[in-house]
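> just the structure for this:
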Amino acid sequence: MKRLAPLLATAGLLAGTLPLLTAAQAAADPSGPEYGPPKPAWHRCSAEQPASYECATLKVPLDYRQPRGRTLDLAISRVKSPDPAKRRGVLLMNPGGPGGPGLDLPLAADAALPKEVREQYDLIGFDPRGVGASSPISCGLTDAEQEFQRAYRPETFPSDVAWARTVADKCREKAGAVLPYVTTRNTARDMDAIRAALGERRISYLGYSYGTYLGAVYTQMFPARTDRFVLDSAVDPQRIWRGMLQVWATEAEPAFARWTRWTAERDAEFRLGATPEAVSAAFWGLVARADRDPVELNGQKITGDDIRRARPLFFTPSQAAPVISALKAAADGGPAPRGASVPDLRAALRGGAAEPASDNSTAVFWSVVCGDTDAWPRDPEQYRRDAARDKARYPLYGDMASNIKPCAFWQRPVEAATPMRTRADVLTVQNEWDSQTPLVSGEGMHRVLRGSRMVTALGGEGHTVYLAEPNSCVAAPVSSYLATGRLPARDVTCTTAPAQAPTREALPGRAPLPFPAGPQRF
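Numbering: from 1, shown residues only. Now for the predicted structure:
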């Protein structure tokens, strides 16, 4: 989805029993003697794109422990530095996901990066393994099977368990030979294969959302090949991956409270209540009514669960208030208040994102989040207990976050999760009010990566910052680091005015960044 839009509700390894692969094993190092990727055969990507935008395909091992075995196609792209005399190296990019395609990122970044950064790098994009043009996988899932935000109710929990088992079974049946190797560690190995194929000693990197975890894993697996790394809107490595879903619930509560205060101050506009308590009561009354009798607006019927699934909206009050106001007006049978126009309510509730045309992104999402770690509970009863508990603790989203997922029935991982023990002099970037990787998540990444510095935009709203919000206060320190390689002497906290709805409109005259637009992803 080639646009700057709020990433709302964006969203197998066998190794619980196997030790981590060591550096002595050639599988961990795609540039080792057993695996040497050939130089890319670059060609113009398409006649419709600029001639400077080049594409190529690399062959990479499905299983790096067997470098001469089955291979996957890895689609890569580049836009070369405009000033060879000032060229430093390559800047790889990842837009998030897991499951987000990144082949078009160089085109967008070419227009958006400041000159002092742009001239130093060949910009390198790639579709991660299993995604888009890189040997895409599918589980053959229906649209309904792709929806994992399932409200917990005792009477429907057996069907939730059946859904989770069905997704895992269909993925195993359709792509079981590949799924165990579509993981973050193998994607990091693919990044190093790109480095080797390009003949570079080190790489620089700009990763968003899930891409921050991918970048962090690379720094741990290949520290000597890590140059300037920017991790924007970071995943907490200690929460992968169930904990990252659950943090959506815990952090939605303060965001919701902030929304009630903001909306109460604008009661004349939205008519949801003049106090935070009144706004909260109006919201929960609306949810209860919509659960009993779905609200019809713009030809769509919206349930209470649909409204709660719009959790990301509350991190940007100027987006949430018009939606909730329009819904309440429709439920009351009256006209929408001034300022409460919502042309496409379903798009608003899902972050402006249409459903994916296929299940490719979803298949990769589950492959990675289930395959990166063996920490997922295997007993459905634990999910039931956790969902019931968290529905009471975090009413907006707690049950959906903790309810059962396909990972309960996934194959065991091939290797353990990556420990974050090696110093990494990287820059992390974070908005204060980020819905997908909340502030506590970004702080978690910064905490475990010794040597990192963090730039926090107080008041910043929405998911992803650098280039996505060109007026953000983080732009200057990030550009400075990419241009000079010098980290700030200490962590930076700056203030950014909250964006006015709608946020993240495409920059005039610039190609928008193709962040993945699937609902509830990282």
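> just give me the longest helix of the chain.
Using DSSP state H to define each element, the chain has its longest helix at helix 242-264.
> could you list every helix and strand in contact with that helix?
helix 276-292, helix 317-332, helix 398-402, helix 439-448 (3 or more C-beta pairs under 8 Å, 6 or more residues apart in numbering; DSSP states H and E). Using the backbone N, CA and C atoms, a C-beta is placed for each residue, glycine as well.
> okay, the ones you listed in TSV with mean neighbour count, mean pLDDT and distance to residue 392 next?
Below are the helices and strands packed on helix 242-264 laid out as TSV (neighbours: other C-beta atoms under 10 Å; pLDDT from 0 to 100; distance: least, C-beta to C-beta, whole Å):
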stretch	mean neighbour count	mean pLDDT	distance to residue 392
helix 276-292	17	98	14
helix 317-332	22	94	22
helix 398-402	26	98	7
helix 439-448	21	98	21
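> for these, give me TSV that also has distance to residue 164.
As requested, the helices and strands packed on helix 242-264 are arranged in TSV below (distance: least, C-beta to C-beta, whole Å):
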stretch	distance to residue 164
helix 276-292	23
helix 317-332	30
helix 398-402	13
helix 439-448	24
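> and residue 414, how close does it get to residue 461?
From residue 414 over to residue 461 the distance is 39 Å, taken as C-beta to C-beta, to the nearest Å.
> one more: residue 268?
Per C-beta to C-beta, residue 268 is found 23 Å from residue 461.
> what about these two, which has more around it?
Higher neighbour count among residue 268 and residue 461: residue 461, with 26 against 10, using other C-beta atoms under 10 Å.
> I'd say the more buried one and residue 430 touch.
No: applying C-beta atoms under 8 Å as the test, residue 461 and residue 430 come out as separate, 11.8 Å apart.
> what's the mean pLDDT across the longest helix of the chain?
For helix 242-264, mean pLDDT rounds to 98.
> tell me what angle it forms with helix 276-292.
In terms of direction (axes from the mean of the first three to the mean of the last three C-alpha atoms, to 10 degrees), helix 242-264 departs from helix 276-292 by 120 degrees.
> of all the helices and strands packed on helix 242-264, which one is nearest residue 66?
Closest to residue 66 of these, according to C-beta to C-beta: helix 439-448, at 31.3 Å.
> after the closest one, next one along is what?
Downstream of helix 439-448, the first helix or strand assigned by DSSP states H and E is strand 453-461.
> tell me the buried residues in the following helix or strand past that following strand?
Later in the chain than strand 453-461, the nearest helix or strand by DSSP H and E is helix 475-484. Residues 475, 477-483 are the ones in helix 475-484 that count as buried (16 or more other C-beta atoms under 10 Å).
> out of the helices and strands packed on helix 242-264, the one nearest residue 471 is which?
Nearest to residue 471, of the helices and strands packed on helix 242-264 and by C-beta to C-beta, is helix 317-332 at 15.7 Å.
> rewinding a little: using JSON lines, lay out the buried residues of helix 475-484 together with pLDDT.
Converted to JSON lines, the buried residues of helix 475-484 look like this (pLDDT from 0 to 100):
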{"residue": "475", "pLDDT": "96"}
{"residue": "477", "pLDDT": "97"}
{"residue": "478", "pLDDT": "98"}
{"residue": "479", "pLDDT": "98"}
{"residue": "480", "pLDDT": "98"}
{"residue": "481", "pLDDT": "98"}
{"residue": "482", "pLDDT": "98"}
{"residue": "483", "pLDDT": "98"}
